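In: Curious how this folds, go ahead:
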Amino acid sequence: RSLTRLAAFITNCTLLQPEFKESREKEGVNEAIRNAFDRAAVHQEDVCFLLTDQQMDEEDAHVAVTVAALLAYGDAPDLHTFEQKKELIQLLPGFVDIQQVLEGAE
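Out: Okay, the predicted model is just below:
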């Protein structure tokens, strides 16, 4: 953790370390990931998202699956509702064709 904090400081990234006790707290996990995603995408912040090994519960792989899907596809199941996606797209800088993205989401 110390090395990650140092790297975030050196690179001038915002360090986000979510606080949830178990990965079974699905909404808490999703809220933390949504917050990091929104800050990086909408507010164009450089974000470092720090998860500890205790937060990566072996029995419930929700955190790992969500983060892997977000990194691989740019979205994760159940991370944003359709309405939330629509609002996010409208907040993004003008380089996104809103209609094309919305049509692909349906």
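
In: biggest helix in the protein by residues?
Out: Criterion DSSP state H: the longest helix present in the chain is helix 26-41.

In: could you point out which element follows that helix?
Out: strand 47-49 (DSSP states H and E).

In: Next, count neighbours for residue 76.
Out: Residue 76: 20 surrounding residues under other C-beta atoms under 10 Å. For glycine as for every other residue, the C-beta is placed from the backbone atoms N, C-alpha and C.

In: What pLDDT does the model give the residue nearest to it when sequence neighbours are not counted?
Out: Take residue 76 and drop its neighbours on the chain: the residue closest to it by C-beta to C-beta, 6 or more residues apart in numbering is residue 69, 4.0 Å away. Note on residue 69: pLDDT of 87.

In: tell me the contacts of residue 69?
Out: Residue 69 makes contact with 75-77 under the criterion C-beta atoms under 8 Å, 6 or more residues apart in numbering.

In: so which strand or helix has it?
Out: Per DSSP H and E: residue 69 is located in helix 62-73.

In: For that helix, buried residues please.
Out: Under the neighbour-count criterion of 16 or more other C-beta atoms under 10 Å, helix 62-73 has 62-63, 66-67, 70 buried.

In: roughly how far out does it sit from the chain middle?
Out: 9 Å (C-alpha atoms, centre = their mean, to the nearest Å).
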